[in-house]
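Novice: Sequence and predicted structure, then a few things I'm wondering about:
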There are 2 protein chains.
Amino acid sequence: MVIQSEQRVAGSKQFASADQLFTYTFDSLPLERGGQLAPVTLAFETWGTLNAEGNNAILITHALTGNSHAHDVQHPDDPKRAWWNPLIGPGRPFDTTHYFVICSNVIGSCYGSTGPSSLDPLTGEPYGMRFPLVTIRDMVRAQRVLIEHLGVRQLAMVAGGSIGGQQALEWGVAYPELVQKVIVVAATAALTAQAIAFSEVERQAIMVDPLWQRGNYDPGHGPEAGLSVARMLAMITYQSEEGMEMRFARRHASNRAVPAPSRAADLGGRFDVEDYLYYQGESLVKRFDANSYLYISRAMDLYDVSEGYPSLEAALRRLRSKALFIGIRSDFLFPPAHVRWLADQVRLVGGDSTYVELDSPHGHDAFLKEWGQMTNALTI
Amino acid sequence: MVIQSEQRVAGSKQFASADQLFTYTFDSLPLERGGQLAPVTLAFETWGTLNAEGNNAILITHALTGNSHAHDVQHPDDPKRAWWNPLIGPGRPFDTTHYFVICSNVIGSCYGSTGPSSLDPLTGEPYGMRFPLVTIRDMVRAQRVLIEHLGVRQLAMVAGGSIGGQQALEWGVAYPELVQKVIVVAATAALTAQAIAFSEVERQAIMVDPLWQRGNYDPGHGPEAGLSVARMLAMITYQSEEGMEMRFARRHASNRAVPAPSRAADLGGRFDVEDYLYYQGESLVKRFDANSYLYISRAMDLYDVSEGYPSLEAALRRLRSKALFIGIRSDFLFPPAHVRWLADQVRLVGGDSTYVELDSPHGHDAFLKEWGQMTNALTI
């Protein structure tokens, strides 16, 4: 195992368990839209053991505000401790007794990998908005450097949801010879206009906050109100009308312990759904960097699997791996009809493609909640 | 005609036509949630002539950022000149040769009726957030004072969409003896949790803008960036995934003439849908008051036709008028299933209820776009 020699990142408070967060730093990464990132650090965690052939590795790819902590060895049964916790471990779909499971924080993020809050070696200051534009392809290219460094020769699977699903798809198209199976959850060939529109409202909410200061805020003094409003909106798009009606309906908030981003007084009471959104906004502000939000959400918008190929068909024809597509009935950010359509396109160009739909009212977030259905889908 | 004696409001720049904007001021209005508004001014326009019996009047009720200019006599064929222009006039569903059509600006708004930007007589300053909470019922009560002042004894119809639809419904329930027909377009018995959530994100976007200053901004120096972000989001909720895909898809913006609310540089180009939303945000800022946005959107959230009655059935049983409900296939703010359900409930308690659905991809806004289908629906 190469990774024992890696430097450990100290004091990442978001990781409550004893799982080790490793980092790997390499010299530079040329970027799809121009320029390069140099040096590049990737934070990652692993579970299980790589075999001698180097072909039992699974790469797990995370969503917008996620991180490498997909599994928590100390608390393997608590979904709140790690974002895909119930799917990883002995006897689970990503079985750590047979597989070497890797999850790395994407470039552009703020959980140990190089992102806008990292120090720019040219200035000694955080990059801020001088951070170069990074794409889903760049994230995947960086992951490729990492897995090769770890001694992986072929990935048994790449699996992720949302932006993580875009990465899984891109892995299969960009490096068909390196992947045996891609699992694309709640992701499509490219975002809809509506999804781009929601994304942009979120980014504008951050950037109109005067504390954003064109990205040059001091750590701990960023655009908290703006980021909180952005998160409130995002949380609506991760759920569904049906799910929110089941959970909140028109109930009034009982305790009102959470301040609104504006700190303004409630106007005619507070609905439970409002209190919930304030809480979600406040929670994200404590754990996520506003500039990272801008960059990663933009990578999501810009992703189009067909870009640079003569056609979508030409891009999808590159896939040699099995492809499992999982849509969610009530997802309106990545509508299931679009996920199914993509699965059909792969089949139409001769690919080995399967589509499964989660029958869930929980919207886009169902891939982080419906453990039974997810387990079934992953083990068909 | 009483209205010839009313004072004319000067210089309302939004009215490009020669239509006259009248105002009527009365002493006070007790408010549903406590307190009163005193004095109360309503700005209104009328078309056609009231008959001697006072029973040929139609009240048209407007949506969130709308105003009394539902029809433009000088440009009756231009939908951009007035919001329900093609539906009002000789030979149209709201036929001004037979009916006396009235449209008044709601209390809480900023188009001549008393709202947060009006001067508080107690202080001589704009009300700002000292403006009392007003509800859909309060808006309707104020309209009742107006129509009685105008000599109307019975309304042949009350018709409106969105918040205007809530008002039409409330008219039928609150004053069953005064209304012969209610036409409720793209409105329901009460908002969903998801719709309240979108509303609240919009309000927080306004209130986190430091220029909001807890509502005490000077005219012309309000929270323009925040209001613009709020409008961007609202415009998404007024459309649909399907409609936005037809109109924008992933096309890139060709000219980029409109600055983003944040004035920040584009990150990796600009999609056409983003440019469109910037334009919509900027347009609203020029014509609407941020505090009015807070109050009227909150009235929309708080509205529940059953409030104060033993049950929804008890409320709906009060209706004596015909009731026409118009839903829109692709509306996700006021989902058609909810509009249809309300129409069914009215029928179940013995009411004369009809449901028509507009087959439109344009989402909630279809009631301001689908002139052919709207005309058909209104004349069945």
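Specialist: Received, thanks.

Novice: Endpoints of stretch A:212-220, how far apart?
Specialist: 11 Å (C-alpha to C-alpha, to the nearest Å).

Novice: buried stuff in that stretch?
Specialist: For stretch A:212-220, burial by neighbour count (16 or more other C-beta atoms under 10 Å in any protein chain shown) applies to A:212, A:215, A:217. Bear in mind the C-beta positions are built from the backbone N, C-alpha and C, glycine included.

Novice: Also stretch A:48-64?
Specialist: A:48, A:50, A:54, A:56, A:57, A:58, A:59, A:60, A:61, A:62, A:63, A:64.

Novice: These: which two are farthest apart?
Specialist: A:54 and A:64 (30.4 Å; C-beta to C-beta).

Novice: so residue A:245, which of the three states?
Specialist: helix (DSSP: H, G, I helix; E, B strand; the rest coil).

Novice: what does residue A:353 give?
Specialist: Following three-state DSSP, the label given to residue A:353 is strand.

Novice: Give me the pLDDT value at it.
Specialist: Per-residue confidence (pLDDT) for residue A:353: 98.

Novice: Tell me what it is bridged to.
Specialist: residue A:323 (DSSP bridges).

Novice: Just the pLDDT for residue A:27.
Specialist: Residue A:27 is given a pLDDT of 98.

Novice: Tell me who's in contact with it.
Specialist: A:38, A:39, A:40 (C-beta atoms under 8 Å, 6 or more residues apart in numbering or on different chains).

Novice: Report the buried members of the residues you listed.
Specialist: Counted by 16+ other C-beta under 10 Å, these give residue A:40 as buried.

Novice: ranges for the strands of the stretch 151-300 of chain A?
Specialist: Secondary structure of the stretch 151-300 of chain A (DSSP state E, counting those that start in this stretch): strands at A:155-161, A:181-185.

Novice: counting contacts, what elements does the last one pack onto?
Specialist: Spelled out, it's strand A:181-185. Contacts defined by 3 or more C-beta pairs under 8 Å, 6 or more residues apart in numbering or on different chains; DSSP states H and E place strand A:181-185 against strand A:155-161, helix A:163-174, strand A:322-328.

Novice: Return the set of buried residues in the first one.
Specialist: Within strand A:155-161, the residues scored as buried using 16+ other C-beta under 10 Å are A:155, A:156, A:157, A:158, A:159, A:160, A:161.

Novice: and what of stretch A:280-296?
Specialist: For stretch A:280-296, by 16+ other C-beta under 10 Å, it's A:280-282, A:284-285, A:288-296.

Novice: Over to stretch A:260-279?
Specialist: So for stretch A:260-279, counting by 16+ other C-beta under 10 Å, buried means A:260-262, A:264, A:267, A:270-279.

Novice: hang on, the earlier thing: so can I have a markdown table of the helices and strands packed on strand A:181-185 showing mean pLDDT and distance to residue B:114?
Specialist: Conversion of the helices and strands packed on strand A:181-185 to a markdown table gives the following (pLDDT from 0 to 100; distance: least, C-beta to C-beta, whole Å):
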| stretch | mean pLDDT | distance to residue B:114 |
| --- | --- | --- |
| strand A:155-161 | 98 | 50 |
| helix A:163-174 | 98 | 48 |
| strand A:322-328 | 98 | 47 |
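
Novice: Distance to residue B:359 added to the ones you listed, as a markdown table?
Specialist: Formatted as a markdown table, these follow (distance: least, C-beta to C-beta, whole Å):
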| stretch | distance to residue B:359 |
| --- | --- |
| strand A:155-161 | 34 |
| helix A:163-174 | 33 |
| strand A:322-328 | 26 |
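
Novice: closest one to residue B:226 among those?
Specialist: With respect to residue B:226, and counting by C-beta to C-beta, the nearest of the helices and strands packed on strand A:181-185 is helix A:163-174 at 27.6 Å.

Novice: List the contacts of the spatially most central residue of chain A.
Specialist: Against the mean C-alpha coordinate of chain A, by C-alpha atoms, centre = their mean, the closest residue is residue A:63 at 1.3 Å. Counting by C-beta under 8 Å, 6+ apart, residue A:63 makes contact with A:83, A:160, A:161, A:162, A:163, A:164.

Novice: and if we set it to 10 Å?
Specialist: A:83, A:106, A:160-167, A:185-187, A:238, A:296, A:300, A:364-365, A:367-368 (C-beta atoms under 10 Å, 6 or more residues apart in numbering or on different chains).

Novice: and if you look at residue A:91?
Specialist: So residue A:91 contacts A:97, A:98 (C-beta under 10 Å, 6+ apart).

Novice: Now do it against residue B:196, distance only.
Specialist: Going from residue A:91 to residue B:196 by C-beta to C-beta, to the nearest Å gives 43 Å.

Novice: Next: residue A:62.
Specialist: 30 Å.

Novice: Rounded mean pLDDT for stretch A:366-380, please.
Specialist: Regarding stretch A:366-380, the rounded mean pLDDT is 96.

Novice: follow-up on the earlier one: would you turn the buried residues of stretch A:48-64 into a markdown table with secondary structure, pLDDT and distance to residue B:321?
Specialist: As requested, the buried residues of stretch A:48-64 are exported to a markdown table (DSSP: H, G, I helix; E, B strand; the rest coil; pLDDT from 0 to 100; distance: C-beta to C-beta, whole Å):
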| residue | secondary structure | pLDDT | distance to residue B:321 |
| --- | --- | --- | --- |
| A:48 | coil | 97 | 69 |
| A:50 | coil | 98 | 74 |
| A:54 | coil | 98 | 76 |
| A:56 | coil | 98 | 72 |
| A:57 | strand | 98 | 69 |
| A:58 | strand | 98 | 64 |
| A:59 | strand | 98 | 64 |
| A:60 | strand | 98 | 60 |
| A:61 | strand | 98 | 58 |
| A:62 | coil | 98 | 56 |
| A:63 | coil | 98 | 51 |
| A:64 | coil | 98 | 50 |
